[in-house]
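Undergrad: Sequence and predicted structure are below.
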Amino acid sequence: MDINRHYCTETASKTAEVGQNLALELAWRRQRRVGTRILCLYGDLGSGKTTFVQGFARGLGIKGRLLSPTFIIVRRYQIPLKNDFLFHIDLYRVSIPEQMKNLGFSEIFSNPYTYILIEWAEKLENVPKKRIDIHFSVDARQRHHITVKECL
């Protein structure tokens with residue numbers, strides 16, 4: 001199943017819906033032991049990254065309010081009825097690579113029972129090779145553009 005697509009949304013709920021649908025698709029793929037579980041999100045402030053992550057979490061069955069981890073860098077959410085977790089990482093406030101060394105990324109990345117969504121992924125020194133890149137932008141008419149590309 002090809003997940004490489006471009007979306008154009010005009011509301012926050014539609015942006016969240018794109019995230020929710022991608023989560024459902026990836027969960028289906030994981031049941032068949034195929035697919036990627038690391039999503040790298042790129043885009044300016046206000047381009048829809050956190051809204052997308054909120055929809056993604058909803059697609060995995062996470063019902064509580066998803067908060068941006070801007071100040072604490074990493075938030076972990078239990079996926080209901082599974083031993084799986086969603087890690088939401090926000091690197092916006094990380095300014096030097098040394099700050100990432102104590103955040104436990106190697107343990108997070110090596111856990112096969114996780115989905116990992118990384119906002120501001122361009123700040124990672126070693127971006128995982130097997131990942132999904134998601135680029136967000138906003139045009140002059142305030143439409144949000146979301147481009148999904150799987151990297152294997």
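TA: Now that the structure is in, tell me what you want to look at. Numbers count the residues shown, from 1 in each chain.

Undergrad: so how far is stretch 52-64 from its chain's centroid?
TA: In terms of C-alpha atoms, centre = their mean, to the nearest Å, the centre of stretch 52-64 is set 10 Å apart from its chain centre.

Undergrad: List of residues touching that stretch?
TA: Contacts with stretch 52-64, where a contact means C-beta atoms under 8 Å, 6 or more residues apart in numbering, come from 15-24, 27, 39, 41, 66, 77-81, 84, 86, 88, 115, 117, 119, 134, 136, 146. C-beta coordinates here come from the backbone N, C-alpha and C atoms, glycine included.

Undergrad: Same question for stretch 138-151.
TA: 3-10, 14-15, 18, 22, 36, 44, 46-48, 52, 129-137.

Undergrad: Out of the residues you listed, which sit inside strands?
TA: 5-9, 131-137 (DSSP state E).

Undergrad: And the helices in the protein?
TA: For the chain, the helices defined by DSSP state H occupy 12-31, 49-59, 105-110.

Undergrad: Would you point to the one among those helices that's packed deepest?
TA: Burial of the helices of the chain is given as mean neighbour count (mean count of other C-beta atoms under 10 Å); helix 49-59 ranks first at a mean of 24.

Undergrad: what's the angle from that helix to helix 12-31?
TA: 50 degrees (axes from the mean of the first three to the mean of the last three C-alpha atoms, to 10 degrees).
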